[in-house]
Every structure is written in structure tokens, then in C-alpha cells.
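Asks: I would like the atomic coordinates for the input below:
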Amino acid sequence: MAASILASSCVAVDPEAVSDSKRMLVGVGAPVPAAAETEAVATRRADAADDAEIWVDRAHPNRGVIVGTDKQAGLYVYGLDGKVRGFLPEGRLNNVDLRDGFPTPGGRRVLIAASDRGRMGAALYLMDPATLEVKPWGVVPLDLAEPYGLCMARLGDAFVVIVNGTDGQVRQVRVEAGADGAPKAVEQRRFGLSSQTEGCVADDAEGVLYIGEEAKGVWRYPLDPAAGAEGALIAEAPSTMLQPDVEGLTILREGQAAWLIASSQGDSAFAVWRVDGEAPAYAGRFSVMGANGADPVTGTDGVAALGGPVGPYPEGLVVMQDDSDTDGEAPAPGRDRQNFKFVDWREVKRALSLK
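Replies: Model (predicted):
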């Protein structure tokens, strides 16, 4: 894959690129060790790294990538060893998600989407699963005050992109490839929450959409537009579970079990619920401690998870943004650079006694 890495001196930084993190030195949840980390994003001394997503070849689980955003500069592609494989200088991308098996005239591809704050929409990318090469595909314009959070879903045969804005508005669009290979997008529905949203995740198997309202908590909605847009607040913030801002959301599926994980930025922790039953069951909180040459995770933003074998992680991998990446295991109050940390799912299960 061709790489075009931006030097920090070349990156134009958003003048409002200030993290909401309280710059804690360590989180307050049950301690789990970091397993590894990515190389830092190029943008320095600013709120830059934001969200990540994981893809793995299920037939060969040592083949996989982590895609992650530098929200001042573009999209990174990392190997499962945390090293940069490539960089797309696409500008102000915030949140990212993906789904594989996307039909195109050239064959099945991995569809990647990212909320694009510069081009005011959802930026689309295609990854060839044979070569792991990621290429820009197009942009879906959206009438949001500022595209912020983003997640994807499979709804039957449809590939769906959900984007929310800084004003709480939500847009859900179906995306497909036309006969000419260009993207086609049709809006399925629109609705809104009362204040700023960001993290969201869809549980394709259960037909459920979760959205994080940063100052209020986590909401659950039906994914099917025909079911309406009546939401239920399943976890309030502030609370013993979540301290604002509520940031990233992800789901890890393990057999019949599905676990919802939410970033609790206010106290550098991650809340976990089991969500494959009739009602979400709260399972506890964890925080990531320095280990294996990686420093602790603090002021976290985006989080991603994938169950099953992922490279050296036999039962699953969790990847989260770290607000302040430092050398070694020592925490630091400053913020010179940011990156993404890896956590072995077995360590989370052990710390929270998950069954």
C-alpha cells in the first residue's frame, strides 16, 4: 500500500482542537493491562487521534488492519502490530466504521466510512481484502451542522451509514455502488437528540442502534427506519457508570453474547453491558493501565472491538484512543501526541468476571 505520511510541521491544526479530557493520570475502573499500541498520529500538541475500527480476514486471522482517524489530517491504516501501513491525507475525519462484503462492479470490498467535518458529509473508502489497499471512493454530502459521530450497519442486504452532528441531529443513509462503480446514497430517515452526540454503534444481529449523547448518556433505537425513531435512555450520565463526556461506543460479539462498551471520558474508564438479552445488563467498568511498553489510556475518545481470533488475540481485541501518548509506562499530564492502544479481550473478561 502506498503511504503518504504527513510530518507534524505540515499539518494544519484546527484552532479549536482542544480535548474535553481532564488529563487524568490513570483511570478509575478495574485495571487491565495494555497489550500494545500504534504509532502516534502525525498531528502534535492538539486533539488529533479520535476513533478506530478493526477488520480481520476470518479465514486467516493474522491478516488484518486497524483504521484510525487523525481528525486534523486524515485516515491511518495500521497493521495488527500497530505500525503504519498507509495514510490518506483526507482532512478532518472524525469517526470511522466499516463493513465487509460490499458488492461493487469490481467484486466484494470492505466499505469504510468516516464522518468528514471538512467536506460536510460521510467520506467513503473501499479496501480490497486481497491486498488490504484502501482507496478513496467518494463523499456523501449531509445537511448537518457539523458531521461528528458515525457508524455503519447491515440491514438485510443494505449497507447503511449513520452520521450524527454536533447539534444532535442524525441522518441514516443507504449506500450502494452504481453500475458505473460510483457511490449512490439514499436517505432512509432523520431524527434528533437534544444535545451534542458523537459515539454510535449498530448491532446488526439485533437490529439495534446505540447513540451516545455526550452529556446525558447512551440511547438505544431500532435500526430499521420502519420501526420509527423512538429512543430509550439505557444508561445515564453522569452516573456511577458514565462520567461525561460519553464518547466512543462499540459492540463485541462473542458467540451468542454481545457486549456494548462505552468510553467514559470524564474518569478515563470504559463501561460494559451485555446487550443480547431483553434489556441491557450492566457488567462493570475497566481502565487501561501501562504495560508491555505502552503507557496508560487516559481521556479516552473512540473505542472499537472485535470478538474472535484477531492476530495474537485469540478471543478478541479492543482498541481505544489515548489522549496522551508517552514513552514507556509512565503517565504524564501533558499532551504532545496521541495514538491508539490495544487490549486483549481476555483481560477485560478476567477483570470484570464476564461469562
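Asks: Extract the residue ranges of this protein that are flagged as low pLDDT.
Replies: Within the chain, the segments meeting pLDDT under 70 span 1-25, 328-335.
Asks: 80 instead?
Replies: Where the chain drops to pLDDT under 80, the residues are 1-27, 327-335.
Asks: what about the residue nearest to P296 when sequence neighbours are not counted, how many neighbours?
Replies: Once flanking residues are discounted, P296 sits nearest to G290: 4.7 Å by Cβ to Cβ, 6 or more residues apart in numbering. Any C-beta I mention is one placed from the backbone N, CA and C, and that applies to glycine too. By other Cβ atoms under 10 Å, 19 other residues sit near G290.
Asks: ok, now the one 3 residues further on?
Replies: Taking other Cβ under 10 Å as the criterion, the count of residues near G293 is 11.
Asks: Quick check: D323 vs G316, distance?
Replies: Between D323 and G316 the computed distance is 24 Å (Cβ to Cβ, to the nearest Å).
Asks: Please apply the same query to E236.
Replies: E236 is 28 Å from G316, where distance means Cβ to Cβ.
Asks: which one of the two has more residues nearby?
Replies: Legend: neighbour count by other Cβ under 10 Å for E236 and G316, higher for G316 (22 against 14).
Asks: count of neighbours near the residue nearest to F340 when sequence neighbours are not counted?
Replies: Setting aside the residues directly before and after it, F340 is nearest to T38 in space (Cβ to Cβ, 6+ apart), at 4.5 Å. A count of nearby residues for T38, using other Cβ under 10 Å, gives 26.
Asks: For T38, what are phi and psi?
Replies: Dihedral pair for T38: phi -90, psi 170, per degrees, to the nearest 10.
Asks: residues touching it, list them.
Replies: Shown in contact with T38 (Cβ atoms under 8 Å, 6 or more residues apart in numbering): I66, G68, Y76, Y78, G82, K83, V84, N339, F340, K341, F342.
Asks: What subset of those is buried?
Replies: Neighbour-count burial (16 or more other Cβ atoms under 10 Å) applied to the contacts of T38 gives I66, G68, Y76, Y78, G82, V84, N339, F340, K341, F342.
Asks: any idea which of these is closest to R109?
Replies: When those are ranked by distance to R109 (Cβ to Cβ), I66 comes first, at 17.8 Å.
Asks: what lines up beside the helix or strand hosting that closest one in the sheet?
Replies: Assigned by DSSP states H and E, I66 belongs to strand 64-70. Here strand 64-70 is paired, per DSSP bridges, with strand 49-56 (antiparallel), strand 74-79 (antiparallel).
Asks: Not counting its own residues, what contacts the last one?
Replies: To tie it back to what came earlier, the one meant is strand 74-79. Contact with strand 74-79 is made by 1, 6, 38-39, 41, 64-70, 84-91, 93, 96, 112, 114, 125, 132, 134, 340, as judged by Cβ under 8 Å, 6+ apart.
Asks: now do 7 Å
Replies: Strand 74-79 has contacts (Cβ atoms under 7 Å, 6 or more residues apart in numbering) with 1, 38, 41, 65-70, 84-91, 93, 96, 114, 134.
Asks: Please indicate which of those residues are buried?
Replies: Among the contacts of strand 74-79, those buried by neighbour count (16+ other Cβ under 10 Å) are 1, 38, 41, 65-70, 84-88, 90-91, 93, 96, 114, 134.
Asks: so what's Q338 closest to, chain neighbours aside?
Replies: Closest residue to Q338 apart from its sequence neighbours, by Cβ to Cβ, 6+ apart: A49 at 3.8 Å.
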